[in-house]
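Asker: Next come a sequence and a model predicted from it.
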Amino acid sequence: MDEKYYKVIGADGKSPTTRFDYSDYLPENAAPGKWLPEIPDSRLLADGYYASKYWNMWYAEGARIYEVEMRGVCRGTGAGVEKQVCCAQIRLIMDVTDALLPALPDCEFPQPEVSANTGVLNTGSRNTGSCNTGDFNTGNRNTGSLNSGDFNTGDRNSGMDNVGDGNFGTGNVGCENIGHSNTGNRNKGSYNSGSHNAGFANSGSFNIGNRNSGNWNIGNRHCGCFNTGEACAFMFDKPTNLKFSEIRLPKWLNFPNPREAFEAATRGEIEQTLALPNFDFQIFEKITSISKSDFVRKLGSLPNSAT
């Protein structure tokens, strides 16, 4: 660093603010003091070493002023007029008290800069928060400009974990999405993939509703384009007259292990299974590994409608 930075150490050899004991690290016989232990970046703000250009702000009678050398990670703290820097490693080069102290009455105090950030580890101008990169961000770890929230990448995002520009919400990827976990542009809702969707979990573009796959659908669960209303459900690869919301499966089919649940199912639940629209033994066995003979074993014989 081109500018000189200083550290003020009390007469007892300790930092007047942190009370860290520098006694073993003071310069001796015109030689610089030893390097202090390096602080990992993850602990820099909590445990790092601070120095300032403005030694006069920290000086108290009887203290000693040391010019310092810093290495490792050095970052401005953004802590206001103190103009401190926080670094990973530091050493005291020389005692400059006698040279600087006569100038104390005439020392200037730093003035806030117009572009000052508020917080810590910000890069840019007028950021409020911590670890922002860019300008006019409010929050933490934003990259870009005019973001409000945390972990946004891009510009004019409001919320968290957005990637792109002009998103409002959480976890959006794209531009001008409103909601959560949308991928694409100008979606309103959540978990949409595509553009200009309004609703929930649509895949495609210009859909209004929920769980549509395709384009320009209005309603729910359509697959294709230009459909309206709520699509009728397919069962066993054939269409039914039922909406998805109208389908009632036997309770045993709500468990993750179908074989185990089948063996515990009641006779009524087994008969309800056989009465499902378009029931097909081959398809059912392919998906669940439960065969027609398993049904016969459980029921003794099959209803006429299922034979």
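Answerer: Received the coordinates, thanks.
Asker: quick one, phi/psi of I270?
Answerer: Phi and psi for I270, reported as degrees, to the nearest 10, are phi -70, psi -40.
Asker: List the contacts of it.
Answerer: 250, 262, 295, 298-299 (Cβ atoms under 8 Å, 6 or more residues apart in numbering). All C-beta spots, glycine's among them, are computed from the backbone N, C-alpha and C.
Asker: Those, buried ones only, as a PyMOL selection?
Answerer: Buried residues within these, by 16 or more other Cβ atoms under 10 Å, are selected in PyMOL with:
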select buried, resi 250+262+295+298
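Asker: Between the two ends of stretch 43-63, how far is it?
Answerer: One end of stretch 43-63 to the other measures 28 Å (Cα to Cα, to the nearest Å).
Asker: now swap in stretch 145-163 and tell me
Answerer: Using Cα to Cα, the end-to-end distance of stretch 145-163 comes out at 12 Å.
Asker: ditto for stretch 22-38
Answerer: 15 Å.
Asker: which outside residues touch that stretch?
Answerer: 9, 13-15, 49, 66, 69, 71-72, 88-95.
Asker: mind running it again at 6 Å?
Answerer: Outside stretch 22-38, the residues that touch it by Cβ atoms under 6 Å, 6 or more residues apart in numbering are 9, 13, 72, 88-94.
Asker: Could you check how many residues crowd around C86?
Answerer: Residues near C86, counting by other Cβ atoms under 10 Å, number 24.
Asker: and the gap between it and I39?
Answerer: 9 Å (Cβ to Cβ, to the nearest Å).
Asker: who touches both of those two?
Answerer: Common neighbours of C86 and I39 (Cβ under 6 Å, 6+ apart) are G48.
Asker: So what would you say the end-to-end distance of stretch 250-265 is?
Answerer: By Cα to Cα, the extent of stretch 250-265 from end to end equals 9 Å.
Asker: so where is the protein shaky, pLDDT-wise?
Answerer: 1-2, 42, 44-46, 73-83, 105-116, 305-307 (pLDDT under 70).
Asker: so where do the helices sit in it?
Answerer: Here the chain has its helices, by DSSP state H, at 44-47, 97-100, 258-264, 267-274, 281-288, 292-299.
Asker: so which of those helices is the most packed in?
Answerer: Ranked by mean neighbour count under mean count of other Cβ atoms under 10 Å, these are led by helix 267-274, which reaches a mean of 16.
Asker: Restricting to C-alpha, output that one in CSV.
Answerer: In CSV, the C-alpha atoms belonging to helix 267-274 read as follows (Å, rounded to 0.1, in the frame of the first residue of the first chain):
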residue,chain,number,x,y,z
ARG,A,267,-60.3,-55.9,1.0
GLY,A,268,-62.2,-52.7,0.3
GLU,A,269,-59.1,-50.8,-0.7
ILE,A,270,-58.1,-53.6,-3.1
GLU,A,271,-61.5,-53.5,-4.7
GLN,A,272,-61.3,-49.7,-4.9
THR,A,273,-58.0,-50.1,-6.8
LEU,A,274,-59.6,-52.4,-9.4
